[in-house]
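>>> everything below, folded, please.
(one chain, ligands or ions: 1)
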Amino acid sequence: MLQTRLRRPAATLGSAMAALAAGGLVALSFAGCGLVAPGPVDTVGEVDFETPLAIPPLAESHVDAEGTRVFALEAQAGTTEFAPGVASETWGFDGGYLGPTLVADRGERVRVDLTNSLDEATTVHWHGMHLPAAMDGGPHQMIAPGGSFAPEWIVDQPAATLWYHPHPHGETESHVAKGLAGMFLLHDDAERSLGLPEEYGVDDIPVIVQDAGFSAEGVREDTQRGYAGGLGDELLVNGTRGPYLDISTELVRLRLLNASPARTYAFAWSDGRPVELIGTDGGLLEASVALDQVRLSPGERAEVLLRVAPGERVVLQSRMTAEIAGLEPVVASMNGGVDAFDVLEVRAGDELAPAASVPARLATIEDFDPAEVVTTRTFELGDSFEINGEAMDMDRIDETVTVDTLERWVVENSNAVPHSFHVHDVQFRIATIDGAAPPPELAGWKDTIFAEPETSYELLMRFDDYADPSTPYMYHCHLLWHEDQGMMGQFAVVEPGQRATMSEGPHHEH
Ligand SMILES: [Cu+2]
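Now for the predicted structure:
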């Protein structure tokens, strides 16, 4: 699976370890062999932007007699031409690569009729969605080849940019990298009243960023795997290589999703203008924030506004540095921590539709009261793909949470390398990072955080409802290879006094 690539220098894990040791850092322990340390990549100025950005179609739906909005998605194998006339084998939902964008309103009951036409089992997880554990699409809700699953729930959370992707234990990196991912957008009245750009594909644009490797002929290849997982040396946006986006309005809203298995980005504009961030994983910020760059680790989302003048062109780039990544320079230099990419060229038309002004206040986010915390738990991200010294066990409940309580989860990365932390079911708030208040871009609703080395994160989260003692939710590192290796645990939400049970064994199939 791992390939030797000639386009850039590849150090061995041995030399990476030696470099780390020389840097006085904790040596890494990896199971298995064959790891490489992908060297620096810089595509700035080298991307031709010759292909219009593909916009995933909106998923069709209908409202049934009971008032449920019903979607259908089919996971299938296919081929995709990332280069004209050159087919690569890929997977997608309702097509060869990625999937349609689902849209629903707060308060709606939704159902998704899933069909698995692949020749292996998979799942579909609703990343960022508050919903019952049995509908969550985690590793306990496997869909056998030829099988189906029809999760349904009531959307009950603020407007947000969510997404969906497979979550089969041990195979998530492979299934996502093959192309199984899509967006799930939520709207609500409060967000609509702001007058933000919301015409899908016109001024409200999905931007699904993934890295990938290609042969000289343009056939997609497996990527080199460093400590973070597979890192590609080219980018795809919505599956498009070298994309440009024509826009016809003064103001556009870009919904950035890092759907890469392992790579963390630092998104910035080529002309140095600030990135105007208006929303994070779970919804809008209270007010927009002007940033030099937006850092997104795998699974995280950011909504940004871009204001353009007629005829203007500007390139969305990713310019990571050791400082932005929170890494020691020697660590950053080997695994994407200093990489730079041209991502997407935005081309404004000569005549642009005017935009309404955006209110200064975008949302009201009430802080949790720490005095109401009932339980504090600690999650130590270890150096052998473990959390609190344990690798994922499908038959073990790691944490039992009482419904209708506020909890404090302290996430500690004790490694020299970064991890991330994603919690299913809830959106949380970051209370502190190493004891200090989070910066404004991390002060809103989050479901996934980048966990810098030697750093402690205090998260507050409320488990309002959906008690189910027999079906767990997951928490895990969202570096997908780490997750696959077992960097994941399970929690059950139960009624007061109830105990979690595991009535469903591993690899239970619906
Ligand atoms: Cu990790």
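>>> can you give me the helices in the stretch 201-350 of the chain?
322-325, 329-332 (DSSP state H, counting those that start in this stretch).
>>> just those: most buried one?
helix 329-332 (a mean of 20; mean count of other Cβ atoms under 10 Å). Just so you know, the C-beta spots here come from the backbone N, C-alpha and C atoms, and that holds for glycine as well.
>>> quick check: the gap between residue 254 and residue 218.
Counting by Cβ to Cβ, to the nearest Å, the gap between residue 254 and residue 218 amounts to 26 Å.
>>> around the ion, pick out the residues from the protein.
419, 477, 479, 482, 487 (Cβ under 5 Å from the ion).
>>> redo the helices of the stretch 201-350 of the chain as TSV? Include mean pLDDT.
As requested, these are exported to TSV (pLDDT from 0 to 100):
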stretch	mean pLDDT
helix 322-325	95
helix 329-332	88
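>>> for residue 467, find the nearest of these.
Evaluated over these, closeness to residue 467 peaks at helix 322-325, with 39.0 Å, by Cβ to Cβ.
>>> dump the C-alpha coordinates for that closest one into CSV.
C-alpha atoms of helix 322-325 as CSV (Å, rounded to 0.1, in the frame of the first residue of the first chain):
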residue,chain,number,x,y,z
ALA,A,322,5.6,25.1,12.8
GLU,A,323,4.3,28.0,14.9
ILE,A,324,0.7,27.7,13.5
ALA,A,325,0.8,24.0,13.9
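>>> next up, the contacts around the closest residue to the ion within the stretch 101-250 of the chain.
Closest to the ion within the stretch 101-250 of the chain is residue 228: 7.6 Å, counting by Cβ to the ion. With contact taken as Cβ atoms under 8 Å, 6 or more residues apart in numbering, residue 228 is in contact with 262-264, 335-336, 417-418, 479, 481-482.
>>> apply 6 Å and report the result again.
Contacts for residue 228 (Cβ atoms under 6 Å, 6 or more residues apart in numbering) come out as 262, 335, 479.
>>> burial of the first one, as a residue count?
Residue 262: 27 surrounding residues under other Cβ atoms under 10 Å.
>>> excluding chain neighbours, give the residue nearest to it in space.
residue 229 (3.2 Å; Cβ to Cβ, 6 or more residues apart in numbering).
>>> bridging residues for the one you found?
Per DSSP bridges, the residues bridged to residue 229 are residue 226.
>>> tally of neighbours for it?
Around residue 229 there are 25 residues (other Cβ under 10 Å).
>>> so it makes contact with residue 478?
No. Using Cβ atoms under 6 Å, residue 229 is not in contact with residue 478, being 10.3 Å away.
>>> more neighbours: which of residue 254 and residue 218?
residue 254 (23 against 15).
>>> what's the separation between that one and the ion?
Note on residue 254: its distance to the ion, by Cβ to the ion, to the nearest Å, is 27 Å.
>>> my guess is residue 210 contacts residue 261. True?
No. Residue 210 lies out of contact with residue 261 (Cβ under 6 Å); the separation is 8.1 Å.
>>> ok and the residue in the stretch 251-400 of the chain nearest the ion?
For the stretch 251-400 of the chain, Cβ to the ion, closest residue to the ion: residue 381, 6.4 Å.
>>> spit out the contact partners of that residue.
413, 419, 451.
>>> identify, from these, the entry nearest to the ion.
residue 419 (3.2 Å).
>>> how close does the closest residue to residue 283 other than its chain neighbours get to residue 288?
In this structure, residue 283 finds its nearest non-sequential neighbour in residue 158, 3.8 Å apart by Cβ to Cβ, 6+ apart. Distance of residue 158 to residue 288, computed by Cβ to Cβ: 16 Å.
>>> quick check on the spatially most central residue of the chain: phi, psi?
Residue closest to the average C-alpha location in the chain (Cα atoms, centre = their mean): residue 299, at 1.2 Å. In terms of degrees, to the nearest 10, the main-chain angles of residue 299 are phi 100, psi -20.
>>> would you agree it is in contact with residue 448?
Yes. Between residue 299 and residue 448 a contact is recorded at 4.2 Å, counting by Cβ under 6 Å.
>>> where do the helices sit along the stretch 51-200 of the chain?
172-177, 189-192.
>>> need the winner for burial among those helices.
helix 172-177 comes out most buried of the helices of the stretch 51-200 of the chain by mean count of other Cβ under 10 Å, with a mean of 23.
>>> so what touches it?
Contacts of helix 172-177 (Cβ under 6 Å, 6+ apart): 122, 165-166, 261, 480-481, 483-484.
>>> export those residues to JSON lines and tack on neighbour count, distance to residue 183 and pLDDT?
As requested, the contacts of helix 172-177 are arranged in JSON lines below (neighbours: other Cβ atoms under 10 Å; distance: Cβ to Cβ, whole Å; pLDDT from 0 to 100):
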{"residue": "122", "neighbour count": "25", "distance to residue 183": "18", "pLDDT": "98"}
{"residue": "165", "neighbour count": "23", "distance to residue 183": "10", "pLDDT": "98"}
{"residue": "166", "neighbour count": "28", "distance to residue 183": "15", "pLDDT": "98"}
{"residue": "261", "neighbour count": "29", "distance to residue 183": "17", "pLDDT": "97"}
{"residue": "480", "neighbour count": "29", "distance to residue 183": "18", "pLDDT": "97"}
{"residue": "481", "neighbour count": "21", "distance to residue 183": "23", "pLDDT": "97"}
{"residue": "483", "neighbour count": "28", "distance to residue 183": "20", "pLDDT": "97"}
{"residue": "484", "neighbour count": "23", "distance to residue 183": "23", "pLDDT": "97"}
